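K.L.:
3D, please:
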Amino acid sequence: MTRRPPARRTSARRSPVRRPRRTSASTRRRRQQESQLIALGVTVLVGIAVVVAVVQWLLVHWWLLVLAAAVAILAGVLWWQRRTQQAQWEQVRTQALRYGLAQLDALGHRDFEYAVRDLMRRDGCADAVQVGGQGDLGADVKATDPYGRLWVIQCKHRRHGDRGAAVGTPELQVLNGTARPVHRADVVVMVTNSRITQPGRNFAQQQRIHLVDRRVLADWAAGSRPLWELLRAVPPPRRPSALS
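P.N.:
Residues are numbered from 1 along each chain as shown. Have a look, this model is predicted:
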């Protein structure tokens with residue numbers, strides 16, 4: 001007998017599993033941009049609709065525009081009048097400004113700088129400004145006088161007045177090192193409510209630094225004359241002025 005070959009077992013074929021397609025990064029960015037554009041478009045349309053509605057409402061209620069304009073004009077006039085009055089009061093205050101030595105002694109160092117600034121403004125230096133503080137490079141007050149000269153002033157306040165520490169050469173050296181090279185000063189001044197040592201006076205004379213000690217400060221703060229009339233050998237005016 002002829003033997004038949006054994007039948008081969010046929011295994012059932014499994015259909016391949018379909019994996020979900022991955023969305024590429026570019027596709028995600030495109031969809032995100034499309035969503036942003038749609039949101040922007042909706043926002044613009046809503047904004048336009050709101051503006052149109054407001055304009056239509058204002059056209060119907062036009063008298064509100066007239067009322068708002070009148071209120072704005074009135075507020076502007078009142079603001080300008082108040083500003084003018086404040087400027088006038090400030091001018092009167094500075095012109096009548098006087099200090100006694102006891103008042104100056106009672107000030108803190110920063111307030112003393114502001115007092116010196118106000119005295120310069122009283123004398124006609126409209127742009128006088130307090131600049132003292134960290135990184136001031138030796139300048140506490142800067143001002144331009146009516147003759148066009150730039151003043152750079154360093155202030156040394158002593159709590160105990162003439163009984164406090166005297167201003168010496170080291171402080172004057174700091175001022176001398178920056179006043180002209182850095183600040184371009186025409187007039188360099190050291191102001192103190194105390195005393196100045198003799199070596200400091202000698203150094204100041206050599207370097208053309210003007211000294212305002214307690215005695216000169218008392219005359220200046222009392223309002224007798226502008227500071228440039230109390231100091232000697234002040235540089236000549238840079239330009240003519242009404243006070244010339």
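K.L.:
ranges for the strands of this structure?
P.N.:
Ranges of strands in the chain, per DSSP state E, are 129-130, 141-144, 150-156, 187-192, 210-212.
K.L.:
Which secondary structure elements does the fourth one sit against?
P.N.:
So that's strand 187-192. Counting contacts by 3 or more Cβ pairs under 8 Å, 6 or more residues apart in numbering; DSSP states H and E, strand 187-192 packs against strand 150-156, helix 169-178, strand 210-212, helix 214-221. Any C-beta I mention is one placed from the backbone N, CA and C, and that applies to glycine too.
K.L.:
Spatially nearest residue to residue 164 (excluding sequence neighbours)?
P.N.:
Counting by Cβ to Cβ, 6 or more residues apart in numbering, residue 164 lies nearest to residue 158, which is 2.8 Å off, once chain neighbours are set aside.
K.L.:
How is the chain divided into domains?
P.N.:
30-93, 101-230 (automatic domain parsing).
K.L.:
Between these, which one is closest to residue 236.
P.N.:
Closest approach to residue 236 among the domains of the chain (Cβ to Cβ): domain 101-230, 8.1 Å.
K.L.:
so how far is the closest one from its chain's centroid?
P.N.:
Centroid displacement of domain 101-230 relative to its chain, using Cα atoms, centre = their mean, to the nearest Å, is 23 Å.
K.L.:
Just the endpoints, please. Distance across it?
P.N.:
Terminal residues of domain 101-230 lie 17 Å apart, using Cα to Cα, to the nearest Å.
K.L.:
again with stretch 188-202
P.N.:
Separation of the first and last residues of stretch 188-202 by Cα to Cα is 15 Å.
K.L.:
Could I get the buried residue list for that stretch?
P.N.:
Buried residues in stretch 188-202, counted by 16 or more other Cβ atoms under 10 Å: 188, 189, 190, 191, 192, 193, 194, 195, 196, 200, 201.
K.L.:
count of residues packed around residue 50?
P.N.:
Residues lying near residue 50 (other Cβ atoms under 10 Å) number 10.
K.L.:
Please determine how far it is located from residue 212.
P.N.:
Going from residue 50 to residue 212 by Cβ to Cβ, to the nearest Å gives 65 Å.
K.L.:
okay, the closest residue to residue 147 other than its chain neighbours: pLDDT?
P.N.:
Taking Cβ to Cβ, 6+ apart, and ignoring the residues beside it in sequence, residue 147 has residue 237 as its nearest neighbour in space, at 3.4 Å. pLDDT, residue 237: 88.
K.L.:
is it true that residue 237 touches residue 149?
P.N.:
Yes: counting by Cβ atoms under 8 Å, residue 149 is a contact partner of residue 237 at 6.7 Å.
K.L.:
Of those two, which one has the most company?
P.N.:
Neighbour totals were compared for residue 237 and residue 149, and residue 149 leads with 19 against 16 (other Cβ under 10 Å).
K.L.:
residue contacts, the more buried one?
P.N.:
By Cβ atoms under 8 Å, 6 or more residues apart in numbering, the contact list for residue 149 reads 186, 187, 228, 234, 235, 237, 238.
K.L.:
so who does the nearest residue to the third one once chain neighbours are set aside touch?
P.N.:
Counting by Cβ to Cβ, 6+ apart, residue 234 is the residue found nearest to residue 228 once chain neighbours are left out, at 5.0 Å. With contact taken as Cβ under 8 Å, 6+ apart, residue 234 is in contact with 149, 187, 210, 228.
K.L.:
From residue 153, how far off is residue 234?
P.N.:
To residue 153, residue 234 is 13 Å away according to Cβ to Cβ.
K.L.:
Next one: the residue nearest to residue 177 when sequence neighbours are not counted from residue 146, what distance?
P.N.:
Closest residue to residue 177 apart from its sequence neighbours, by Cβ to Cβ, 6+ apart: residue 138 at 6.9 Å. Distance of residue 138 to residue 146, computed by Cβ to Cβ: 24 Å.
K.L.:
Good, wrapping up.
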